[in-house]
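**Q** Output the structure for:
(one chain, ligands or ions: 1)
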Amino acid sequence: MSPARNARDRRDRNRRPGAPRRTGRPEDLVRRTAFDVIRAVETRDAYANLLLPARLHDRGITGRDAALATELTYGTLRGQGTYDAILALCSDRELRRIDPPLLDVLRLGCHQLLATRIPAHAAVATTVELARAVVGPGQAKFANAVLRKVATRDLPAWLEIAAPADELGRLSVSYSHPRWIVSALRDAVGPAEVEDLLAADNARPRVTLVARPGRAELAELVAAGAEPAPYSPYAALLAEGDPAAVPAVREGRAAVQDEASQLVALALAGAPVEGADTRWLDLCAGPGGKAGLLSALAAGRDARLLGCDVQPHRAELVRRAVDARAGVVVADGTAPAWRPGAFDRVLVDAPCTGLGALRRRPEARWRRGPQSLAELGPLQRRLLATALDAARPGGVVAYVTCSPHLAETRVVADDALRDRSDITALDAPAALAAVTAGELPPVAVAGTPYAQFWPHRHGTDAMFLALFRRTP
Ligand SMILES: C[S@@+](CC[C@H](N)C(=O)[O-])C[C@H]1O[C@@H](n2cnc3c(N)ncnc32)[C@H](O)[C@@H]1O
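**A** Below you'll find the model as predicted:
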């Protein structure tokens with residue numbers, strides 16, 4: 001054994017387990033940072049999109065190194081299902097018998113080998129080094145053996161071997177989505193488009209900004225390097241860079257907000273109501289994306305938005321997002337303090353599985369199982385019922401989810417229509433067309449009055465919208 005290796009192994013033995021190795025090579029810190037975030041996502045239920053920027057900042061990682069850390073973190077989390085199927089073929093140990101931190105290191109190695117331009121020898125060497133640092137020299141040998149096998153084929157060749165023959169299994173492994181999600185998405189979008197949808201879920205979305213009306217101009221965002229987005233008159237797309245570098249975003253006059261999220265709020269605000277139109281409610285407002293837009297629109301029309309959220313810290317985020325005239329309360333939306341019929345427009349953006357935002361939250365697909373639908377269903381129905389009660393006769397209610405799953409979209413809306421005689425459904429695609437700047441690709445849910453956005457069709461999150469009017 002070389003003296004250098006001897007000395008390194010001695011250091012390894014003396015080092016506190018888990019402490020970052022300080023080799024002085026920036027790429028080691030980049031990989032270590034990606035690994036730390038991936039571990040935190042798994043062990044602490046952390047959100048990668050919140051934790052990663054904080055770690056990059058703390059560790060002084062910027063520029064190309066920050067871009068690499070982001071690619072490695074998001075790519076590994078996103079590709080986990082594919083990489084596990086490949087690792088299972090390359091390891092003589094069952095995956096469930098591999099130390100979880102080591103398994104994360106191997107996934108990170110797989111991503112570098114199969115989905116980046118990092119040369120194979122560098123990907124293996126740096127990943128083995130990472131394994132040595134986080135799980136010790138013994139395990140590093142195992143990592144080396146596994147990754148050398150992974151390096152013998154490229155991704156398409158591995159998929160030929162690793163993907164099961166049945167269609168659901170093939171899609172699940174090839175596009176790294178759990179089977180139950182593939183099945184649900186296929187039910188919602190149909191077999192002809194499901195593969196495009198799964199591919200779109202794996203593409204990194206551009207950052208979409210909203211210029212809050214009356215507080216910022218679209219032109220300001222364009223001047224800061226964004227380009228106008230195709231559908232929402234208030235949206236601009238940022239090619240790259242930190243949104244916080246845009247002055248209007250820093251000042252809270254603009255914000256990051258998906259375009260479909262903007263459009264469903266605009267459709268609610270644009271639906272015609274007769275008579276008074278001054279009291280608006282956002283029943284599930286945190287963290288305040290739609291409330292920020294609605295309150296700005298309300299202020300321009302002499303109306304006032306009340307934002308409500310059951311979680312105090314999320315209500316606080318709403319407070320920071322809304323116009324000064326808006327009110328914010330911490331309250332359980334299923335047991336409201338306001339009198340029935342108190343509002344002219346009501347939004348219920350219900351808690352849901354979030355299957356419509358897999359592009360932005362790569363880890364979300366591994367976090368929930370199909371049982372979460374059973375937990376969320378009753379809450380979604382109660383919140384929609386409160387929202388409908390809160391609207392006055394003639395008032396409008398939008399039921400929105402960031403999910404296309406039929407059980408939390410169409411079925412919830414259909415149940416409300418079946419159970420109540422005091423509501424009618426409005427034509428949601430027509431309401432969207434009325435507030436859209438450009439030509440919107442089809443959003444209609446066949447045979448229903450509802451609308452569904454899709455990442456592969458619209459380049460947005462998969463947001464669902466049902467619009468109702470209270471009848472006397
Ligand atoms: C999908 S998020 C809303 C997103 C928000 N409309 C936006 O655009 O930023 C759902 C929100 O509902 C809140 N929530 C969950 N149960 C609730 C309840 N019983 N009453 C009120 N809010 C609730 C959650 O805390 C969460 O902030």
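**Q** Give me the buried stretch members for the helix or strand Trp366 falls within, please.
**A** Per DSSP states H and E, Trp366 falls inside helix 364-367. For helix 364-367, the neighbour count (16 or more other C-beta atoms under 10 Å) marks 364-366 as buried. Placement of C-beta: from N, CA and C, glycine included.
**Q** What residues sit buried inside whichever helix or strand comes after that helix?
**A** Sequence-wise, the next helix or strand downstream of helix 364-367 (DSSP H and E) is helix 371-390. Neighbour-count burial for helix 371-390, with 16+ other C-beta under 10 Å as criterion, is recorded at 372-373, 376-377, 379-381, 383-390.
**Q** Put the alpha carbons of helix 371-390 into CSV.
**A** Taking Å, rounded to 0.1, in the frame of the first residue of the first chain, the C-alpha atoms of helix 371-390 are listed here in CSV:
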residue,chain,number,x,y,z
GLN,A,371,-52.5,5.7,1.0
SER,A,372,-52.1,9.5,1.1
LEU,A,373,-55.1,9.8,-1.2
ALA,A,374,-57.3,8.1,1.4
GLU,A,375,-56.0,10.5,4.0
LEU,A,376,-56.4,13.6,1.9
GLY,A,377,-59.8,12.8,0.3
PRO,A,378,-62.0,13.6,3.3
LEU,A,379,-60.1,16.8,4.0
GLN,A,380,-60.4,17.9,0.4
ARG,A,381,-64.2,17.3,0.4
ARG,A,382,-64.6,19.2,3.7
LEU,A,383,-62.6,22.1,2.5
LEU,A,384,-64.6,22.3,-0.7
ALA,A,385,-67.8,22.1,1.2
THR,A,386,-66.7,25.0,3.5
ALA,A,387,-65.6,27.0,0.5
LEU,A,388,-69.0,26.5,-1.2
ASP,A,389,-70.8,27.5,2.0
ALA,A,390,-68.6,30.6,2.3
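**Q** Output the contacting helices and strands for the following helix or strand past that helix.
**A** Following helix 371-390 in sequence order, the next helix or strand is strand 391-401 (DSSP H and E). Under the contact criterion of 3 or more C-beta pairs under 8 Å, 6 or more residues apart in numbering; DSSP states H and E, strand 391-401 touches helix 259-270, strand 343-349, helix 371-390, helix 410-419, strand 464-470.
**Q** can you tell me which of these comes nearest to the ligand?
**A** The ligand lies closest, by C-beta to the nearest ligand atom, to one member of the helices and strands packed on strand 391-401: strand 343-349, at 3.5 Å.
**Q** Format the helices and strands packed on strand 391-401 as a markdown table; extra columns: distance to the ligand.
**A** As requested, the helices and strands packed on strand 391-401 are exported to a markdown table (distance: least, C-beta to the nearest ligand atom, whole Å):
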| stretch | distance to the ligand |
| --- | --- |
| helix 259-270 | 6 |
| strand 343-349 | 3 |
| helix 371-390 | 6 |
| helix 410-419 | 14 |
| strand 464-470 | 11 |
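**Q** JSON lines please, covering those and showing mean pLDDT.
**A** Listed next are the helices and strands packed on strand 391-401 as JSON lines, based on pLDDT from 0 to 100:
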{"stretch": "helix 259-270", "mean pLDDT": "98"}
{"stretch": "strand 343-349", "mean pLDDT": "98"}
{"stretch": "helix 371-390", "mean pLDDT": "97"}
{"stretch": "helix 410-419", "mean pLDDT": "98"}
{"stretch": "strand 464-470", "mean pLDDT": "98"}
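**Q** Just send those back as TSV, with distance to Ala120 too.
**A** Formatted as TSV, these follow (distance: least, C-beta to C-beta, whole Å):
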stretch	distance to Ala120
helix 259-270	39
strand 343-349	46
helix 371-390	39
helix 410-419	47
strand 464-470	43
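**Q** Quick one, which of the ones you listed gets closest to Ala431.
**A** If you check each of these against Ala431 by C-beta to C-beta, helix 259-270 wins as the nearest, at 4.2 Å.
**Q** Give me the average confidence score over the helix holding Trp366.
**A** Averaging pLDDT along helix 364-367 gives 92.
**Q** any bit of it sitting next to the ligand?
**A** No. Helix 364-367 lies apart from the ligand when judged by C-beta under 6 Å from any ligand atom; the minimum separation is 12.3 Å.
**Q** CA atoms of that helix as PDB?
**A** Listed next in PDB are the C-alpha coordinates belonging to helix 364-367 (Å, rounded to 0.1, in the frame of the first residue of the first chain):
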ATOM      1  CA  ALA A 364     -41.900  14.200  -3.900                       C
ATOM      2  CA  ARG A 365     -42.600  11.000  -6.000                       C
ATOM      3  CA  TRP A 366     -40.800   8.800  -3.400                       C
ATOM      4  CA  ARG A 367     -42.300  10.500  -0.300                       C
END
